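Chemist: give me the fold of what follows.
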Amino acid sequence: SKRRKSPGRTNTEILPNCIKKMRKRTGSNAPPGRQGLMFTIPLLAIVIALIMALLYTNISIRSRENNLLDELSVLRERARELELTLSRRADLDAEQLLAEPSPQHVPRIAAPGQTSSAGERLDGVAIVCCLDGPGWLQNRYTMSVQNIVMGLPSTWKVQLFHKGSIQSRKGIERNRGLARLINAGRVVVTELDGEWKKRSRSELYLSRYFWSQLVLSEKFMFFGHGGVLCHNSNFTLGDFLHYELCASPDGGFALITKSRVLEFLEQSLPGDSQYMKKIHGPIPFLLGGIRKLPGISTAPNDVLDKFVLNQRDAYQGIPFAISGTMADLSPEDRKGYIDTCPEIKMIFPSLDHPSCFGASNTLNRDACVQSLCVSSPKPGGC
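Modeler: Model (predicted):
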């Protein structure tokens with residue numbers, strides 16, 4: 001049935017009453033147009049909060065990255081400072097080795113089985129003089145001396161003699177590896193003192209003073225920078241120590257007993273400095289005289305072939321040492337020794353210098369002498 005309108009009430013009166021009832025049911029007194037806005041504002045607040053959090057996180061990450069970069073920069077700077085400090089320390093050690101007074105460079109003389117000034121057992125020394133070669137040769141001092149150190153028994157040392165000259169100082173300053181060997185105690189540096197700094201090598205090697213006062217041990221091995229020890233060899237220094245003299249004809253490597261050297265000098269050489277100056281090649285001269293001493297125990301030729309390659313005419317296996325450029329060998333035989341004793345490569349001015357070490361049609365004596373810095377006058381760069 002149709003509802004009848006309440007008497008006396010119009011539509012305009014009924015509508016406001018409906019709206020009031022709806023507000024009571026929803027619990028809101030806000031007008032209908034504002035209710036959507038009340039739901040939107042919290043949502044916007046949440047979005048803004050999320051954006052702010054993301055921005056803060058991004059700023060924090062970038063700040064951390066900047067801090068890490070700053071820390072890395074500081075570490076790099078400290079590494080550079082440490083590298084400079086170590087470099088200066090090595091240079092200072094090398095300078096101090098040559099700047100100390102000469103008495104401190106001359107260690108106490110030690111016979112085999114006794115102790116040196118450092119308190120360790122010393123049975124022998126490998127000696128060389130005088131650290132004043134041309135620049136290209138000085139660059140090889142570390143390799144040359146380290147090659148000898150590796151082939152010595154633990155109770156042997158290398159003893160380097162020098163005259164305290166500017167060129168000698170350069171020889172150590174440019175060889176930090178040599179300075180480390182000295183600091184490790186494997187190499188002893190002896191500076192000649194007084195008038196001996198001005199003497200020639202012939203006067204030095206043929207003087208009783210040098211052998212009796214400076215050389216540390218009764219047994220010693222003389223070596224030059226024109227030869228190497230072959231560490232792939234089956235032979236060691238101990239295989240030859242029972243001989244009083246075991247040496248190549250050119251003296252590139254010579255294992256000698258010091259008392260025999262002094263015996264020859266006492267008997268055969270006057271103390272005349274002018275006479276000694278005239279002797280060219282003092283080491284071969286000295287070896288020739290020692291061989292003639294009565295009762296001397298010298299290594300026979302077949303033993304010498306095992307001790308040092310010097311006069312062989314064919315490849316015969318790896319010797320203990322190689323001296324010289326093997327100029328008399330064929331290219332095939334020379335290659336055999338270079339392949340099995342690669343240490344020999346270090347003694348050449350260039351591994352394949354055509355003027356000194358190559359095919360016969362490329363050999364040039366004058367150019368080779370010039371490249372070795374032994375020509376007169378010396379070329380630039382020496």
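Chemist: shaky segments in the protein?
Modeler: 1-41, 86-121, 270-278, 310-314, 348-363, 369, 371-382 (pLDDT under 70).
Chemist: can you give me the strands for it?
Modeler: 124-130, 156-162, 187-191, 219-223, 227-229, 245-247, 253-257, 308-309, 321-323 (DSSP state E).
Chemist: direction included, what does the third one pair against?
Modeler: Sheet partners assigned to strand 187-191 using DSSP bridges are listed as strand 156-162 (parallel).
Chemist: now do the strand it pairs with and strand 124-130, the angle between them.
Modeler: Orientation check (axes from the mean of the first three to the mean of the last three C-alpha atoms, to 10 degrees): strand 156-162 against strand 124-130 gives 20 degrees.
Chemist: can you list contacts of strand 156-162?
Modeler: 98, 116, 122-132, 145, 148-149, 152, 168, 171, 181, 185-192, 214-217, 220, 237 (C-beta atoms under 8 Å, 6 or more residues apart in numbering). For every residue, glycine as well, the C-beta is placed using N, CA and C.
Chemist: which residues are in contact with W196?
Modeler: 163, 204, 209-210.
Chemist: the same query, at a cut-off of 7 Å, please.
Modeler: L204 (C-beta atoms under 7 Å, 6 or more residues apart in numbering).
Chemist: same check, this time on P282
Modeler: Taking C-beta under 7 Å, 6+ apart as the test, what P282 contacts is 201-202, 205-206.
Chemist: how near is it to A299?
Modeler: 21 Å (C-beta to C-beta, to the nearest Å).
Chemist: likewise for C368?
Modeler: On the measure of C-beta to C-beta, C368 and A299 end up 32 Å apart.
Chemist: what of T155?
Modeler: 21 Å.
Chemist: same question, E332
Modeler: 28 Å.
Chemist: and for Y209?
Modeler: 28 Å.
Chemist: between these two, which one's more packed in?
Modeler: A299 (19 against 13; other C-beta atoms under 10 Å).
Chemist: quick one: contacts for the closest residue to that one other than its chain neighbours?
Modeler: Excluding its sequence neighbours, the residue lying closest to A299 (C-beta to C-beta, 6 or more residues apart in numbering) is C246, at 3.9 Å. Counting by C-beta under 7 Å, 6+ apart, C246 touches 240, 255, 299, 303-304, 307.
Chemist: which of these sits closest to N175?
Modeler: Closest to N175 out of the contacts of C246 is L255 (25.6 Å), distances taken as C-beta to C-beta.
Chemist: not counting sequence-adjacent ones, nearest residue to that closest one?
Modeler: C246 (4.3 Å).
Chemist: and if you look at G224?
Modeler: That would be G252: by C-beta to C-beta, 6+ apart, it lies 5.4 Å from G224.
Chemist: same deal with Y209?
Modeler: Per C-beta to C-beta, 6+ apart, closest to Y209 is W196, 7.3 Å.
Chemist: against S217, how distant is the one you found?
Modeler: Counting by C-beta to C-beta, the gap from W196 to S217 is 20 Å.
Chemist: so who does F264 touch?
Modeler: F264 neighbours (C-beta under 7 Å, 6+ apart): 289-290, 293.
Chemist: only whichever of those are buried, select them in PyMOL.
Modeler: Entered in PyMOL, the line below selects the buried ones among the contacts of F264, by 16 or more other C-beta atoms under 10 Å:
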select buried, resi 289+290+293
